[in-house]
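Participant: 3D model of this:
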Amino acid sequence: MPDPVQVAASIRGIIATSWPHRFPPGELRDDVSLGEGGLGLDSIEIVELLLACEDHCGRPVTEELFAVLPLTIALAARYFADA
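Facilitator: Just a heads-up that it's a prediction; the model follows:
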């Protein structure tokens with residue numbers, strides 16, 4: 001089972017690569033919401049991020065993950081680490 005801390009680092013890397021220069025380094029905290037009130041990713045960007053995580057971690061995205069609100073880097077990391 002992957003370590004959630006390592007998965008969270010991978011998610012931050014995917015975000016930084018997908019949207020370069022959009023987020024200052026300190027903004028990508030584990031507890032920040034991916035959507036409104038946090039990073040401000042729209043629904044399509046969140047889906048793109050989760051699909052990239054799916055490819056990276058090998059665990060398919062399910063409706064269970066989309067039901068988590070607010071979805072944070074830490075919650076996504078735990079989901080993908082439980083593969």
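Participant: Tell me which other helices or strands the one helix or strand in the chain whose mean pLDDT sits lowest touches.
Facilitator: The helix or strand of the chain with the poorest confidence is helix 63-66; it has a mean of 85 (mean pLDDT, DSSP states H and E). On a contact count with 3 or more Cβ pairs under 8 Å, 6 or more residues apart in numbering; DSSP states H and E, helix 63-66 meets helix 73-81. (Glycine included, C-beta is placed from N, CA and C.)
Participant: which residues are in contact with the helix it packs on?
Facilitator: Contacts of helix 73-81 with the rest of the structure, by Cβ atoms under 8 Å, 6 or more residues apart in numbering, involve 1-8, 11-12, 15, 28-32, 34, 49-50, 53-54, 56-57, 59, 64-65, 68.
Participant: What ranges does the protein have for its helices?
Facilitator: Assigned by DSSP state H, the helices in the chain fall at 4-18, 43-57, 63-66, 73-81.
Participant: Show me which positions of the third one end up buried.
Facilitator: Put plainly, it is helix 63-66. Residues of helix 63-66 classed as buried by neighbour count (16 or more other Cβ atoms under 10 Å): Leu65.
Participant: Equivalent analysis for stretch 16-29, please.
Facilitator: 23, 28.
Participant: Between the two ends of it, what distance do you get?
Facilitator: Terminal residues of stretch 16-29 lie 12 Å apart, using Cα to Cα, to the nearest Å.
Participant: got a list of contacts for that stretch?
Facilitator: Contacts of stretch 16-29 with the rest of the structure, by Cβ under 8 Å, 6+ apart, involve 12, 15, 39, 45, 48-49, 52, 73.
Participant: let's see 7 Å
Facilitator: By Cβ atoms under 7 Å, 6 or more residues apart in numbering, the list of residues contacting stretch 16-29 from outside reads 12, 15, 39, 48-49, 52, 73.
Participant: Quick check on the residues you listed: which are buried?
Facilitator: 12, 15, 39, 49, 52, 73.
Participant: Just send these back as JSON lines, with distance to Pro24 too.
Facilitator: Below are the buried ones among the contacts of stretch 16-29 laid out as JSON lines (distance: Cβ to Cβ, whole Å):
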{"residue": "Arg12", "distance to Pro24": "12"}
{"residue": "Ile15", "distance to Pro24": "12"}
{"residue": "Leu39", "distance to Pro24": "11"}
{"residue": "Leu49", "distance to Pro24": "18"}
{"residue": "Ala52", "distance to Pro24": "21"}
{"residue": "Ile73", "distance to Pro24": "15"}
